[in-house]
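Asker: Fold the stuff below for me.
(one chain, ligands or ions: 1)
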Amino acid sequence: MKAVVLAQPGTADSLVLTERPDPSPGPGEAVVRLHAAALNHRDLFLRSGATSQGFPPFVMGSDGAGVVEAVGPGVTSVRPGDPVVINPTLSCGTCPACLAGEHSLCDRFQILGGPSDGTLAEFVRVPAQNLYPKPQHLDFRQAAALPLALATAWRAVVSRGRLQPGETVLIHGIGGGVALYALQIAVAMGARAIVTSSSDDKLRRALEMGASAAIHYRREDVAARVKELTDGRGADLVVDSGGRLTLPISVEAVRRGGRIAYFGATTGAEGTLNFRALFWKQVALLGTTMSNQSEFAAALRFVGHVRLVPQVARVFPLAEAAQAFTLLERGEQFGKVVLAVAPA
Ligand SMILES: [Zn+2]
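Answerer: Predicted coordinates for the structure are as follows:
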């Protein structure tokens, strides 16, 4: 099969389109013939070598959708021909966290596509339990744009953030995959979403998608604007994937007794915070990552129920994976960067 392999992390030609043996399913596993895959920020970290040094060459990509090609012994949940979307989270299944359904707290928690072989390929081998029916209202490219970003947004907004209808959520950096799903989930559940960006175009598009207010973070004081927009209270929940540059603003913008769900740390993993404001406002600082199996299922049900359609920024053929990475790296896209493996 054709596959995009991370050969030498951190180098200009780190991504190589190459031939790999077709995978075959073991017990409890299935092989999916991919129709489309999608990129995440995680892939940039891996490509740069920040998190992939020491891994042997592997097929990149966490997100994917396609059709079941073959199943291994003991698999009854899916059959060849089923259109599926892949949950890319892998856990041991036997530790106390896994048995409690908290797969993302498993000590052996991993994500498909580094170091295990991922979705930027014609086929991928996964545990059959990680396959879910493709939402019927979405095509394969839209479905491929769901998994990691949707799972992250769902856990941040719903499971950890416990956003309620009528509450106000501040979402930093609208335009990225997780932020857009957070916006779509918030709007669909009847919450009020305030978004930030340094792009007027992204802010305009977010307003079109139902955001209540949009703040240009280079021209405006985000925390002051959020206070104005909430009659001086602050946001009930902040969804923060920035880290170093945004978390101090989140602490300022959140209301007393509010929550900050944070992950990603895309602007830096270390920085300074006002600890006094944190305790005095009794802020719940909620670290969050990807979802558990039950949350992934719940997020997909929600997508089907509200007929949520992912924002696909651009589709590249698999052979142009390097260009797709470059687009993602520039951060100018609105929505997910998708790779087409099969014709639409
Ligand atoms: Zn486990």
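Asker: near the ion, which residues of the stretch 1-150 of the chain show up?
Answerer: Taking Cβ under 5 Å from the ion, the part of the stretch 1-150 of the chain that reaches the ion is made up of S91, C92, C95, C98, C106. All C-beta atoms are positioned from the backbone trio N, CA, C, and that covers glycine.
Asker: check contacts around the fourth one.
Answerer: In other words, C98. When contacts are counted by Cβ atoms under 8 Å, 6 or more residues apart in numbering, C98 touches S91, C92, C106.
Asker: Give me the below-cutoff pLDDT ranges for this protein.
Answerer: 12 (pLDDT under 70).
Asker: Any idea which residue is closest to the centre of it?
Answerer: In the chain, the residue lying closest to the centroid (Cα atoms, centre = their mean) is A149, at 1.5 Å.
Asker: quick revisit: now restrict the contacts of C98 to buried residues only.
Answerer: S91, C106 (16 or more other Cβ atoms under 10 Å).
Asker: Kindly indicate which of the contacts of C98 lies nearest V67.
Answerer: Comparing the contacts of C98 against V67 with Cβ to Cβ places S91 closest, at 25.0 Å.
Asker: And what about the residue nearest to the centre of the chain, helix, strand or coil?
Answerer: helix (DSSP: H, G, I helix; E, B strand; the rest coil).
Asker: roughly how far apart are the residue nearest to it when sequence neighbours are not counted and the ion?
Answerer: Of all residues not flanking A149 in the chain, G177 sits nearest, at 3.3 Å (Cβ to Cβ, 6 or more residues apart in numbering). G177 is 26 Å from the ion, where distance means Cβ to the ion, to the nearest Å.
Asker: With F275 as the reference, measure out to G177.
Answerer: 31 Å (Cβ to Cβ, to the nearest Å).
Asker: How about A128?
Answerer: Plainly put, A128 is 46 Å away from F275 if you go by Cβ to Cβ.
Asker: The two: which is more packed in?
Answerer: Between A128 and F275, counting by other Cβ atoms under 10 Å, A128 is the more crowded of the two (21 against 9).
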